[in-house]
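**Student:** Sequence first, then the predicted structure:
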Amino acid sequence: MDRLTNSAHFLPMHEDYKMDRLARLYLNEIVSRDGVSIWIISDHDSRFTSRFWQSMQETLEDMLRACNLDFRGSWDVHLPLVEFLYNNSYQSSVRCALFEALYGRKCRSPIMWAEVGEGQLIGPELVQEMTEKISQIKDRLKTAREHQKSYADKGRKPLEFSVGDYVLLKVSPRKCVICFGKKGKLAPRSVIPFEIIKKVSYVAYQLELPKELNGVHDTFHVLNLKKCLAAPTLQVSLDEI
């Protein structure tokens, strides 16, 4: 992840990879493209769970989920194209595609073949333009963060439901296992729908769970709930999730 432009590389790997294999992967895929990293943030670092990283991971999962639905097959087959799409997408925070922000030029692709011209700048002119672009990107990112904070502060309000409401129950992968024992990081984000039968506290609600979830505690934090806008009769069997 490039900290200035937020462009990223996505690499498939398993939890049981040994350190020598991870080092070889880092050397072949990261160092060969971008050089040695100044910082390495692992999933044990508190910064890895920040809102930015969570947002990026959710975006990646959504893109892979869409690929699986459209093309089927293993998710790692689609990962290179997902990386290309992510880095070549317009980002409002920097007002250009991440690829263009990183390399100073648009990425040539089949759908943008004619739009990418030949580079003309050389020597000091190139250095000056890149310096100006970096300054512009920093200013745009600062402005975007300030706007996002102001919008969040204005619109922030606690979630609240009533007894009898139907809600979606969010599921979160932990070590690739959904909290209901359903495997798969690219499984649906929510299990639908459950009726609220009791308001336990300001931030906790008790749900009426089916027999299949007898082993699951029926009280959930409000952050794990999302109001169901569809008809409660439109249910998906838990066996299909």
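**Tutor:** Alright, I've got the coordinates. This structure is a prediction, so every number in the text was calculated from the model and none was measured.
**Student:** Can I get the longest strand seen in the chain in PDB? Just the C-alpha atoms.
**Tutor:** Longest strand in the chain, counting residues (DSSP state E): strand 190-201. The C-alpha coordinates for strand 190-201 follow below in PDB (Å, rounded to 0.1, in the frame of the first residue of the first chain):
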ATOM      1  CA  SER A 190     -25.500 -10.400   6.500                       C
ATOM      2  CA  VAL A 191     -27.800 -13.200   7.600                       C
ATOM      3  CA  ILE A 192     -31.400 -12.300   7.000                       C
ATOM      4  CA  PRO A 193     -33.800 -11.500   8.600                       C
ATOM      5  CA  PHE A 194     -34.400 -11.800  12.400                       C
ATOM      6  CA  GLU A 195     -37.100 -10.200  14.500                       C
ATOM      7  CA  ILE A 196     -36.100  -8.100  17.500                       C
ATOM      8  CA  ILE A 197     -38.000  -9.500  20.600                       C
ATOM      9  CA  LYS A 198     -36.400  -7.400  23.300                       C
ATOM     10  CA  LYS A 199     -34.300  -4.200  23.800                       C
ATOM     11  CA  VAL A 200     -31.800  -5.300  26.300                       C
ATOM     12  CA  SER A 201     -30.000  -2.000  26.600                       C
END
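**Student:** where do the strands sit along the protein?
**Tutor:** 90-91, 96-97, 166-170, 190-201, 204-208, 219-221, 225-227.
**Student:** need these in TSV with mean neighbour count, distance to Asn28 and mean pLDDT, can you?
**Tutor:** Glycine gets a C-beta too; all of them are placed from N, C-alpha and C. Formatted as TSV, these follow (neighbours: other CB atoms under 10 Å; distance: least, CB to CB, whole Å; pLDDT from 0 to 100):
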stretch	mean neighbour count	distance to Asn28	mean pLDDT
strand 90-91	15	27	77
strand 96-97	19	25	78
strand 166-170	20	36	83
strand 190-201	17	38	82
strand 204-208	18	47	90
strand 219-221	15	42	88
strand 225-227	16	41	85
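**Student:** For the chain, which element, helix or strand, carries the lowest mean pLDDT?
**Tutor:** helix 123-155 (a mean of 63; mean pLDDT, DSSP states H and E).
**Student:** in its sheet, what does the longest strand of the chain sit against?
**Tutor:** Its sheet considered, strand 190-201 pairs with strand 166-170 (antiparallel), strand 204-208 (antiparallel) by DSSP bridges.
**Student:** nearest to Ala8, of those strands?
**Tutor:** Distance to Ala8, taken as CB to CB, is lowest for strand 166-170 among those, at 24.5 Å.
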